[in-house]
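>>> Here is a sequence together with a model predicted from it:
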Amino acid sequence: MRGAGTYLWVVAAGLALTVPPSRCADDSTAQRTLAVVVHKSSTVDRISAADLRKMLTGELRAWPDARPIVVIQQPGGNATQQRMLQALLRTTPAGYNRQLLQVQFQGRAIPVIRVLNSDKNAIAFVRNVPGAISIVNADSAAAGASHVKIIKIDGKLPGEAGYLLR
């Protein structure tokens, strides 16, 4: 009987992990809209969701001006990171790590990724590194908008109808 109880717990835990963060009522950060920010000098004002996915997986490694792309992320347990992975890649932090390991195992280059612990630090890094891109809470992006550029995804800004990262 003890084995059956353990099995049910594992199944219950697995189901809890598959619930998208946007459905978690007690996690207000997960329910907020996210924004994509780049350095102020970037010539990019918009990006497709497909290209954003390619940046996260290393398929797209340079900006149109040939600057290398530096992806700024937050730790896997962070609600912003979980929302971003769910919305863009339909995966979890563990699934994303597996994807990156698979890319590396196949001999392809993984994206240049820096992990920072907050929106504030991510925005500060993007402010200082011209090739950097980060996905942060839209409120944080708006507060830092004098230092970074918020770019459109598929022609839409945060708050607009049909925006991907809400």
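Perfect, I can see it now.
>>> Next one, pLDDT for the residue most central in space within the chain please.
Residue closest to the average C-alpha location in the chain (C-alpha atoms, centre = their mean): residue 84, at 3.7 Å. On pLDDT, residue 84 comes in at 92.
>>> Hmm, it is touching residue 135, no?
Yes. Between residue 84 and residue 135 there is a contact under C-beta atoms under 8 Å: 4.6 Å. C-beta: built from backbone N, CA, C; applies to glycine.
>>> contacting residues around the residue nearest to the centre of the chain?
With contact set as C-beta atoms under 8 Å, 6 or more residues apart in numbering, residue 84 has these partners: 34, 73, 135, 165.
>>> The third one bridge partners, please.
Note on residue 135: beta-bridge partners by DSSP bridges are residue 36.
>>> Check the contact between it and residue 38; I expect there is one.
No. At 10.7 Å, residue 135 does not count as touching residue 38 under the criterion of C-beta under 8 Å.
>>> thinking again about what came up before, which element follows the helix or strand harbouring the residue nearest to the centre of the chain toward the C-terminus?
Residue 84 is located in helix 79-84, with elements delineated by DSSP states H and E. For helix 79-84, the succeeding helix or strand toward the C-terminus, using DSSP H and E, is helix 93-105.
>>> What residues of that next one count as buried?
93, 96, 99, 100, 103 (16 or more other C-beta atoms under 10 Å).
>>> Alright, calling it a day.
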